[in-house]
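[1] here is the input, now give the coordinates:
(chains A and B, ligands or ions: 2)
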Amino acid sequence: MIRLNNVHKSYGTGSNSLHVLKGINLEIEEGGFVSIMGSSGSGKSTLLNILGILDNYDEGSYYLNGMLVKEMSEKKAAQLRNEMLGFVFQSFNLISFKNAMENVALPLYYQGVSRKKRNKIAHEYLDKLGLLSWAEHMPNELSGGQKQRVAIARSLITQPKIIVADEPTGALDTSTSYEVMEILKEINEDGITVVIVTHEHDIAAMTRQIIRLKDGIISEIIKNGDLKQWKHQYSKELEIA
Amino acid sequence: MFDIDKWQEIIATIKKNKMRTFLTGFSVAWGIFMLMILLGSGNGLSNGVAQNFMRDAVNAMWMWSGRTSIPYQGMKENRQIRFTNSDYDLIKKIPETEFASGRYYISGNRLAYGNEFGEYTAITCHPELKEVESIEMVQGRFINEVDILQTRKSVVLGQDIYDALFKKQEAIGEYIKINNVPFKVVGICREGGGTRHRNAYIPVSTGQKVFNGANRLHNFALTINAQSIEESKAVEEKVRAALARKHKFDPTDRAALGSYNKLENYLQTMRIFQAIKIFIWIIGTGTLIAGVVGVSNIMLIVVKERTKEIGIRKAIGASPSSVVGLILLESILITTVAGYIGLVLGTGLMEGLNFFVEQQYATAAASNNGNGDIIFRNPTVSLNVAATATMLLVIAGAIAGYIPAKRAARIKPIEALRDE
Ligand SMILES: Nc1ncnc2c1ncn2[C@@H]1O[C@H](COP(=O)(O)OP(=O)(O)O)[C@@H](O)[C@H]1O
Ligand SMILES: [Mg+2]
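    Numbers count the residues shown, from 1 in each chain, chains lettered A, B, ... in the order given. Ligands and ions are numbered 1, 2, ... in the order given. Okay, the predicted model is just below:
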């Protein structure tokens, strides 16, 4: 589903340049449930943005579903994001003057789906996430967990192949975090590839694969079976991050 | 453009930000309002003056004799040119001539009735002067052919003379004295388009006979059939050439034969109004441009405020062009609606003013025998101009939105969505 070969990414130019990704090689299979970990500033978001075609990279290659994603026009990138990808962010990123249903329906607007139809579909997704009675509420009337569930509904409405989530539980309390992770897990069980960034080991532990970033490269890939041991080994370090 | 969803998107954002929208729209509404008022006033002034001109026949022309200033056919300059009745006949024979009148100047113009007297101008004329100078009768009749043929001592008094000499008494049939010669009052008149009516008119033949003029004439007033300034000029040249041939002077000698063509003058005045109109458009467009710059600035702030929202839209699939459309349409919508309000208020005010002016005119006309003196008439803006202004508004909105829209299109989702 996702294949990165020797991907480099720097911010800035000349002497101010910051080399963040220094040759990422990564493969994520269809239906994978992956978390990216690493200390703050290690480039987790940078990597996720590249995966989500929100940003471009300088060197190497990125194949998404067999298609090379490189030097794409903005229009094409927007279309690909709309069709292939769903996004969940730490700060939810709902549009403040649209109610829950309108927020969820928005991606379908950019697919040219009629208002009536997309609102109906949005209702279905809100129902799935247990938010049907909140459909007409504005984001500022919702709790953090509810907002994130609206955002997840929005990411799902286009039936994407991949969900990318940058610290989806970063702004939530523990029990809400677990609820959200439970939802992501269910989504993954429906066959959608889920990639999350997190620095909380208990969150990462709920995924099936952990990619650890360090000094701009992938220092470790841990499969589900090894998690327990890994957790013990790095818990101290992760708490600092 | 006609995508209902798109409009709903835009209307939703506008509704969300009423104050901002109001401030944006106000500058444009104000610009258009001012433009309409300026244009309306310009039109009003122009119409008023045009109407005053039209009351005098615009195709009128005056010619007068003088001394030659150019040697011609062996004759020296400084030769006095003398017109006679035969020159009047000559002018009458020119087919383009409509109405013509000759005048013999008489000196000393003391008019007296009983104990009242005053210095006025007695003009000797043919009956057709009435048409040439758009003279309007208040009472009685103008000089007629019988007066001319029988050299009758008839006089038509200007309103002011009548008022001064007769003090509202019956004047028709009374005798007044012009330079001590008694004349019978046959009419009272007003000069078209004028505010002073201090001329007395007597038959040219009588004037020549009584005041020792023999068959001499000093000047001619005539109207011609001309549709354009070129035609008018051509007729003027034709009359000049005919008189020059008869009196043997250079047709271009303006000292020998002076002439004044009213059409030319009229068109020149109209050209000044054209220039004023252009000036008004320039000022108006300037105001409008200020409005557009205002809208553009506010839209730039709007785009900055909406950076995150635009970033979200882009992340979930908005193409750059759809973002451009969003900002551009919002700008056009605000500009057009606000501009339209300004347009309606501006033209409304001018229509109201027009109503007032027309009433003033009607009262003025009623007390002045159907001729209101007014320099302001129909100060409204035509539908055409309003349509042009609306078009201009849409374009202005597009221009105002262009730079902000471009900036919005350049917003990168990662920059917009970065968590602070
Ligand atoms: N747009 C940017 N311009 C310049 N530097 C950036 C930009 N985005 C991120 N960085 C820098 O790149 C490094 C990696 O950032 P990021 O990927 O956000 O880290 P993480 O998500 O792992 O905390 C950090 O040092 C950050 O300051
Ligand atoms: Mg980050």
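
[2] pLDDT weak spots in the stretch 251-400 of chain B?
    B:364-381 (pLDDT under 70).

[3] spell out which residues of it are next to chain A.
    Selection of the stretch 251-400 of chain B residues close to chain A by CB under 8 Å from any CB of the partner chain yields B:308-309, B:311-322. The C-beta positions use only the backbone N, C-alpha and C, and glycine is treated the same way.

[4] does whichever residue of the stretch 251-400 of chain B sits closest to chain A count as helix, strand or coil?
    Of all residues in the stretch 251-400 of chain B, the one sitting closest to chain A is B:G317 (2.6 Å; CB to the nearest CB). Secondary structure for B:G317, judged by DSSP: H, G, I helix; E, B strand; the rest coil, is coil.

[5] what sits against it?
    Neighbour list for B:G317: A:78-79, A:81-83, A:107, A:110-111, A:158 [criterion: CB atoms under 8 Å, 6 or more residues apart in numbering or on different chains].

[6] could you rerun that using 6 Å?
    Counting by CB atoms under 6 Å, 6 or more residues apart in numbering or on different chains, B:G317 touches A:78, A:81-82, A:107, A:110.

[7] the residue lying closest to it once chain neighbours are set aside: helix or strand, and which one exactly?
    Counting by CB to CB, 6 or more residues apart in numbering or on different chains, B:G317 lies nearest to A:N82, which is 2.6 Å off, once chain neighbours are set aside. Using DSSP states H and E, A:N82 sits in helix A:74-84.

[8] what's the answer for A:I218, then?
    Judged by DSSP H and E, A:I218 forms part of strand A:217-223.

[9] number of nearby residues for residue 43?
    If you meant another chain, say so; for now it's chain A. 25 (other CB atoms under 10 Å in any protein chain shown).

[10] that's the other chain; I wanted chain B
    B:N43: 24 neighbours (other CB under 10 Å).

[11] helix, strand or coil for it?
    On the three-state scheme (three-state DSSP), B:N43 is labelled helix.

[12] one step back: which of the residues of the stretch 251-400 of chain B next to chain A count as buried?
    B:308-309, B:311-320, B:322 (16 or more other CB atoms under 10 Å in any protein chain shown).

[13] quick one: which two of these are the most distant?
    The most widely separated members of these, counting by CB to CB, are B:K308 and B:S319 (18.2 Å).

[14] what helices or strands is the strand holding A:I218 leaning on?
    Secondary-structure packing of strand A:217-223 (3 or more CB pairs under 6 Å, 6 or more residues apart in numbering or on different chains; DSSP states H and E): strand A:209-214.

[15] how about 10 Å then?
    With contacts defined as 3 or more CB pairs under 10 Å, 6 or more residues apart in numbering or on different chains; DSSP states H and E, strand A:217-223 has these neighbours: strand A:18-28, strand A:33-37, strand A:209-214, helix A:227-240.

[16] check which element follows the one helix or strand B:E309 maps to along the chain.
    Secondary structure from DSSP H and E places B:E309 in helix B:307-315. Later in the chain than helix B:307-315, the nearest helix or strand by DSSP H and E is helix B:320-367.

[17] so how far is B:R410 from the residue of the stretch 251-400 of chain B found nearest ligand 1?
    Closest contact between the stretch 251-400 of chain B and ligand 1, by CB to the nearest ligand atom, is at B:G311 (12.6 Å). Per CB to CB, to the nearest Å, B:G311 is found 11 Å from B:R410.

[18] between those two, what contacts are shared?
    Counting by CB atoms under 10 Å, 6 or more residues apart in numbering or on different chains, the common neighbours of B:G311 and B:R410 are B:V323.

[19] how about A:S61, phi and psi?
    phi -150, psi 150 (degrees, to the nearest 10).
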